[in-house]
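Novice: Task: produce atomic coordinates for the following.
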Amino acid sequence: ENTDITLTGISVSNGMLRIPAESFQIDNMPTGRLTLVAENEAVLHRITGDFVWVIQTQEELYTMKQHLSTADGKTYTGRLALGADIDPGTGQLQISGSVEIFKSADVFAGSFDGRGHSIYKISVSASRNGLFSNVSGTIKNLKLEDCDVKAASAALVGYVLTGTVDSVYVQGTLKADYLS
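Specialist: As a prediction, the model looks like this:
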């Protein structure tokens with residue numbers, strides 16, 4: 001469900017938009033429109049834009065689906081972007097077994113902009129469909145590096161239905177031992 005949020009008490013100082021911390025608290029930001037209205041209409045009349053959920057950490061990557069809208073429980077819409085490289089350090093980003101971001105029947109119909117950032121060390125096994133199972137949206141400007149893909153799996157997308165994957169670089173190892 002989309003939610004509209006209106007914030008007040010906003011000002012502009014030295015070209016920066018200022019929002020007082022006490023004016024709002026959002027624990028789970030919904031997908032929807034974020035409308036900002038300044039108290040001094042002469043300084044800032046109105047800013048309206050679509051909200052983009054910016055992913056900065058490994059944990060936020062694993063939970064990105066909960067920040068998207070769905071009407072049927074299978075098709076997910078909204079805007080996602082990477083705000084930093086995601087590197088698990090000495091571990092791996094596991095996508096296997098009980099660790100799935102999108103289930104095999106899910107369709108990502110939103111937009112994901114990697115903004116030129118990299119996600120490192122994705123490990124996919126057991127016939128999983130990577131970060132996104134099915135795509136009818138857009139994925140762009142992303143690098144996947146040091147991937148380890150086993151069985152009938154993919155690092156990024158299982159199936160591109162009617163979507164677009166643009167300016168994506170994938171590097172790593174593919175082991176498909178059982179294919180004839």
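Novice: wait, doesn't G110 sit right on G137?
Specialist: Yes. The pair G110 and G137 qualifies as a contact (CB atoms under 8 Å) at a distance of 4.7 Å. The way it works is simple: take the backbone N, C-alpha and C, and place the C-beta from them, glycine included.
Novice: which residues are in contact with both of the two?
Specialist: T77 (CB atoms under 8 Å, 6 or more residues apart in numbering).
Novice: Would you mind listing where this protein has pLDDT under the threshold?
Specialist: Applying pLDDT under 70 to the chain picks out residues 1-51, 96-99, 126-128, 151-152, 176-180.
Novice: Recalculate using a threshold of 90.
Specialist: Scanning the chain for pLDDT under 90 picks out the ranges 1-71, 73, 78-79, 83, 88-105, 122-134, 147-159, 173-180.
Novice: Can you show me the helices along it?
Specialist: 58-62 (DSSP state H).
Novice: buried stuff in stretch 74-89?
Specialist: Neighbour-count burial for stretch 74-89, with 16 or more other CB atoms under 10 Å as criterion, is recorded at T75, Y76, T77, G78, R79, L80, A81, L82, I86.
Novice: now stretch 138-155
Specialist: Within stretch 138-155, the residues scored as buried using 16+ other CB under 10 Å are 138-151, 153-155.
Novice: Return the alpha-carbon coordinates of it using CSV.
Specialist: Extracted C-alpha coordinates of stretch 138-155, given in CSV (Å, rounded to 0.1, in the frame of the first residue of the first chain):
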residue,chain,number,x,y,z
THR,A,138,14.6,-2.1,-14.9
ILE,A,139,18.0,-3.0,-13.5
LYS,A,140,20.9,-0.7,-14.5
ASN,A,141,24.3,0.7,-13.7
LEU,A,142,25.5,-2.2,-11.5
LYS,A,143,28.6,-4.4,-11.0
LEU,A,144,28.6,-7.8,-9.5
GLU,A,145,32.1,-8.9,-8.7
ASP,A,146,33.7,-12.2,-7.4
CYS,A,147,30.4,-14.1,-7.8
ASP,A,148,30.2,-17.8,-7.1
VAL,A,149,27.3,-19.4,-9.0
LYS,A,150,26.6,-23.1,-8.8
ALA,A,151,23.9,-25.4,-10.3
ALA,A,152,21.2,-24.0,-12.5
SER,A,153,21.4,-20.5,-11.0
ALA,A,154,22.1,-16.9,-11.9
ALA,A,155,23.9,-14.1,-10.0
